[in-house]
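Give me a 3D structure for the following:
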Amino acid sequence: MIQKFLYRSPFKLDSNEVLPEFELSYSVQGRLNKNKDNVVWICHALTGNANPEGWWSGLVGEGKTFDPSKHFIVCANVLGSCYGSTGPLSKSPSTGRPYYHDFPHLTIRDIVNSLDLLRNHLQITRIQYLVGGSLGGQQALEWSIKQPDKIINLILVATNAKHSPWGIAFNESQRLAIASDVSWKENRKEAGQNGLATARSIALLSYRNYSTYHKTQQDDNDKIDDFNASSYQRYQGQKFINRFNAFSYWVLSKAMDSHDVSRGRKSFSNALGFIKAKTLVIGITTDLLFPISESVFITQHIKNSQLKIIDSIYGHDGFLIESEQIHNSIIESYLPVKEMI
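Numbering: from 1, shown residues only. You can find the predicted model right below:
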């Protein structure tokens, strides 16, 4: 069930801009036990929402890895998104009109700070399992550094300690596609949507890889046009603009670019050294966007950590698709905690 958390005080951002107030859309499943030690907090990826049972159905739900009959599962839609939390389409309290292009710049740290305020609101003193993939993993990693005594176990899937020049280049190319849409400069909800479809097409190339398309988008030899891969790209672009918004995509891709746990903390070693949680890092063999080397790097700098590598033809999207392998990795790493998983 989706709920709302309204923070009515000024919220200062990394950019020194201020949101007069903000709202987070979030869901809870299950019940908090007497010891308050069954909390599973799931951080979603770039275009996710507060319903993990919808986008991570292989891991969340009755009888799954994270089971509401055992766990108190929390997931919040991030600031900047278009699924109920304060974002570019929200009305500014100062003008009474949607922010659109005037929405302030967000960072991963801003998102984490807002999540921690929600944690306090829910009176959660410890998060037994903090889980996230991709941009969700960036949040979980940053949160574990900022609140090391609150996070007991940390599960990071297909993520990094700093967003790479390669990842930033993909995001910038997608924003260039949005900006090339002649409607993008307009202040209306549908502005930039055609550009967003192109941006999604670009993003898919980083989420998948050569082998994925070779297996799923092959054509009959007689074709000379309208290839499966072409129609697939168009279909995915159209499907995406039916559920997401160009303004939010712009803001959240910029937030992803900002991710750097070493910023203001001397070094990566120093920053990751703050983490006290038992940490499981899961990398995917064919991930072009968050390659295995980034998972190795995280593991090398967190004291109580281990690395699991899963094999998949689906590239970065494997973190959403390879539920059985991710489940098995979690079970192998946390088997002693039988009452939790």
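
Please make it C-alpha for all contacts and neighbour counts, starting now.
OK.

Can you show me the strands along the stretch 1-150 of the chain?
Here the stretch 1-150 of the chain has its strands, by DSSP state E, counting those that start in this stretch, at 2-7, 11-12, 18-19, 22-29, 39-43, 72-76, 127-133.

quick one, which of those is nearest to Thr198?
With CA to CA as the criterion, Thr198 lies closest to strand 127-133 of these, at 23.8 Å.

What are the buried residues along the closest one?
Going by neighbour count (16 or more other CA atoms under 10 Å), the buried part of strand 127-133 is Ile127, Gln128, Tyr129, Leu130, Val131, Gly132, Gly133.

Compare the strands of the stretch 1-150 of the chain and give me the one nearest Asn221.
Of all the strands of the stretch 1-150 of the chain, strand 127-133 sits nearest to Asn221, with 38.1 Å by CA to CA.

Next, the angle from that closest one to strand 39-43.
Going by axes from the mean of the first three to the mean of the last three CA atoms, to 10 degrees, strand 127-133 is angled at 20 degrees with respect to strand 39-43.

Strand 72-76 and strand 127-133, what's the angle between them?
Going by the same axes, to 10 degrees, strand 127-133 makes 40 degrees with strand 72-76.

List the pairing partners of strand 127-133 within its sheet, with orientation.
Here the strand partners of strand 127-133, with direction, are listed using DSSP bridges: strand 39-43 (parallel), strand 151-157 (parallel).

Let me know which of those strands is the nearest to His121.
Nearest of these to His121, taken as CA to CA: strand 39-43 at 14.2 Å.

Tabulate the CA atom coordinates of the closest one in CSV.
Included here for strand 39-43 are C-alpha records, laid out as CSV according to Å, rounded to 0.1, in the frame of the first residue of the first chain:
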residue,chain,number,x,y,z
VAL,A,39,13.5,-4.4,8.4
VAL,A,40,14.4,-4.8,4.7
TRP,A,41,14.8,-1.5,2.9
ILE,A,42,14.9,-1.7,-0.9
CYS,A,43,16.3,1.2,-2.9
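
tell me which element Asn194 is part of?
Asn194 is part of helix 193-207 when elements are defined by DSSP states H and E.

which of the residues in that helix are buried?
Within helix 193-207, the residues scored as buried using 16+ other CA under 10 Å are 193-203, 205-207.

how far does that helix sit from the chain's center?
The chain centre lies 17 Å from the centre of helix 193-207; the measure is CA atoms, centre = their mean, to the nearest Å.

For the closest residue to Lys276 other than its chain neighbours, give me its contacts.
Using CA to CA, 6 or more residues apart in numbering and skipping the chain neighbours, the partner closest in space to Lys276 is Pro148 (5.5 Å). Neighbouring residues of Pro148 by CA atoms under 8 Å, 6 or more residues apart in numbering: Phe274, Ile275, Lys276, Ala277.

Now render those as a markdown table, adding neighbour count, distance to Val112 and pLDDT.
A markdown table is the format used below for the contacts of Pro148 (neighbours: other CA atoms under 10 Å; distance: CA to CA, whole Å; pLDDT from 0 to 100):
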| residue | neighbour count | distance to Val112 | pLDDT |
| --- | --- | --- | --- |
| Phe274 | 17 | 16 | 98 |
| Ile275 | 26 | 15 | 98 |
| Lys276 | 21 | 17 | 98 |
| Ala277 | 23 | 17 | 98 |
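
Now, those residues that are in strands?
Within the contacts of Pro148, no residue falls in strands by DSSP state E.

which one of the residues you listed is nearest Val40?
Ala277 (13.6 Å).

wait, that closest one sits on Asn153?
Yes - here Ala277 reaches Asn153: they are 4.8 Å apart, a contact under CA atoms under 8 Å.

residues near Gly264, how many?
8 (other CA atoms under 10 Å).

please renumber so the chain begins at 42
With the count now opening at 42, the last piece we talked about shows up as Gly305.

Contacts only, for Ala199.
174-175, 178, 322-325, 328, 331-332, 336, 357, 360.

Kindly report the same for Tyr248.
Contacts here follow CA under 8 Å, 6+ apart; on that basis Tyr248 touches Asp328, Leu329, Leu330, Tyr355, Gly356, His357, Asp358.
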